[in-house]
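> the following block contains a protein sequence and its predicted model.
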Amino acid sequence: MKNLKELLSPLDITKIIGNDDKEITALTSDSRKVEPGTLFVAVPGVSVDGHRFIPMAEEKGAVAVVCQELPANLSTHVTYIVVPSSALALGYIASQWFDNPSRKLKLVGVTGTNGKTTTATLIYEMARLLGHKAGLLSTVCNYVDDKAYPTDHTTPDPYTLNEMLHLMVEAGCEYAAMEVSSHAADQQRIAGLHFVGGIFTNLTRDHLDYHKTFEAYLAAKKKFFDMLPRDAFALTNADDKVGEVMLQNTRAHRYTYSLRSEADFRGRIIESRLDGTLLSLNGHEVELLFTGKFNAYNLTAVYGACVLMG
């Protein structure tokens, strides 16, 4: 249970109609999950607009509604909060609901077309191998330390995302790694999260069914780095043609990794075999059970991120 005024405190609010000093017993953007005492957030979706379901949410007992546009008929027992972006608002409200769990973890996000799952998973595994409790949010499976949770999205919705991060905090995790998809960045699913770092792997012409143009796809990826705080790190693949573009407007500390040129974190394949790779990482030779140039890139990124996290 949370106070509505507390949940709304991080938001840019256009207008409030009704009492904002009331207790909220549940939070959702899915009208089917509304129960008495719920704060319902009406989010415009890709195919369905959540504003259509405000009357249904009210009938089921919603006591407050966050929206971009007010419904035609206002209920006297419902508080209406009008915001410029309800998708953005949902992220911040979900973080507040779970007591801002991302600020209690060292959370690293990994974005790019390829290598997200491997890179995020290896950061999670590296932390655990060094004796730290850690969490993972990935396409394959989510983990809270050693406990697995099935997943059906690369990046979950804001409520599920913060719920998982909250479970990590409750389990005593210090670190967390997560994949950040272009869809999630575009749909504001990572709004309200605090990252200690972000990693860019590479960009190829993918997901154009959703983004329509390569430029829009690039912009969605770049949005993640634009939102990083000043005290975070932004680690990019200097060998990718848009690697530097990703960091153009970031406030975070900028770092590069490369297999081909000088960089903060320099990987070099010394020997490539069918059963592994001998890789040099900033002059240190490491024998690895990974093969392929793409994994040499992933491992150089993991090395850089782990160094930057101490």
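Received, thanks. Numbering: from 1, shown residues only.

> wait, what's in contact with Ser9?
Gln96 (C-beta atoms under 8 Å, 6 or more residues apart in numbering). For glycine as for every other residue, the C-beta is placed from the backbone atoms N, C-alpha and C.

> what residues of the longest strand anywhere in the chain count as buried?
The longest strand of the chain (DSSP state E) is strand 265-273. Neighbour-count burial for strand 265-273, counted by 16 or more other C-beta atoms under 10 Å, picks out Phe265, Arg266, Gly267, Arg268.

> beta partners for the residue nearest to the last one when sequence neighbours are not counted?
If the residues on either side of it in the chain are set aside, Arg268 comes closest to Ser280, at 4.3 Å by C-beta to C-beta, 6 or more residues apart in numbering. The bridge-partner assignment for Ser280, based on DSSP bridges, gives Arg268, Glu285.

> give the contact list for Ser280.
Contacts of Ser280 by C-beta under 8 Å, 6+ apart are Arg266, Gly267, Arg268, Ile269, Ile270, Val286.

> so the residue nearest the centre of the chain: helix, strand or coil?
The centroid of the chain falls nearest to Ile190 when counting by C-alpha atoms, centre = their mean (4.1 Å). Judged by DSSP: H, G, I helix; E, B strand; the rest coil, the three-state class of Ile190 is coil.

> residues contacting it?
Gly91, Gly109, Thr155, Pro158, Leu161, Val180, Ala184, Phe224, Met227.

> strand partners of whichever strand or helix holds Leu136, parallel vs antiparallel please.
Element membership of Leu136 [criterion: DSSP states H and E] is strand 134-137. Partner strands and pairing direction for strand 134-137 (DSSP bridges) are strand 142-144 (antiparallel), strand 175-179 (parallel).

> adding mean neighbour count, write the ones you listed out as CSV.
Output for the strands paired with strand 134-137, formatted as CSV (neighbours: other C-beta atoms under 10 Å):
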stretch, mean neighbour count
strand 142-144, 23
strand 175-179, 28
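
> would you list those strands in a markdown table and tack on distance to Ser47 and mean pLDDT?
Output for the strands paired with strand 134-137, formatted as a markdown table (distance: least, C-beta to C-beta, whole Å; pLDDT from 0 to 100):
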| stretch | distance to Ser47 | mean pLDDT |
| --- | --- | --- |
| strand 142-144 | 25 | 97 |
| strand 175-179 | 23 | 97 |
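
> let me have the ones you listed in JSON lines, extended by distance to Ala219.
Listed next are those as JSON lines, based on distance: least, C-beta to C-beta, whole Å:
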{"stretch": "strand 142-144", "distance to Ala219": "27"}
{"stretch": "strand 175-179", "distance to Ala219": "18"}
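
> which ones among the contacts of Ile190 lie within helices?
Gly91, Pro158, Leu161, Ala184, Phe224 (DSSP state H).

> by neighbours, which of the residues you listed wins?
Pro158 (30 neighbours; other C-beta atoms under 10 Å).

> average model confidence for the longest helix along the chain?
The residue-count maximum for a helix in the chain (DSSP H) belongs to helix 293-308. Average pLDDT, helix 293-308: 97.

> what about that helix, distance to the chain center?
20 Å (C-alpha atoms, centre = their mean, to the nearest Å).

> may I have it as PDB, with CA atoms only?
Taking Å, rounded to 0.1, in the frame of the first residue of the first chain, the C-alpha atoms of helix 293-308 are listed here in PDB:
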ATOM      1  CA  LYS A 293      35.200 -13.000 -33.400                       C
ATOM      2  CA  PHE A 294      31.700 -11.900 -32.200                       C
ATOM      3  CA  ASN A 295      32.400 -13.500 -28.800                       C
ATOM      4  CA  ALA A 296      35.800 -11.800 -28.700                       C
ATOM      5  CA  TYR A 297      33.800  -8.500 -28.900                       C
ATOM      6  CA  ASN A 298      31.300  -9.600 -26.300                       C
ATOM      7  CA  LEU A 299      34.100 -10.600 -23.900                       C
ATOM      8  CA  THR A 300      36.000  -7.400 -24.400                       C
ATOM      9  CA  ALA A 301      32.800  -5.500 -23.500                       C
ATOM     10  CA  VAL A 302      32.300  -7.700 -20.400                       C
ATOM     11  CA  TYR A 303      35.900  -7.100 -19.400                       C
ATOM     12  CA  GLY A 304      35.500  -3.300 -19.700                       C
ATOM     13  CA  ALA A 305      32.200  -3.200 -17.900                       C
ATOM     14  CA  CYS A 306      33.600  -5.300 -15.000                       C
ATOM     15  CA  VAL A 307      36.600  -3.100 -14.700                       C
ATOM     16  CA  LEU A 308      34.400   0.100 -14.700                       C
END
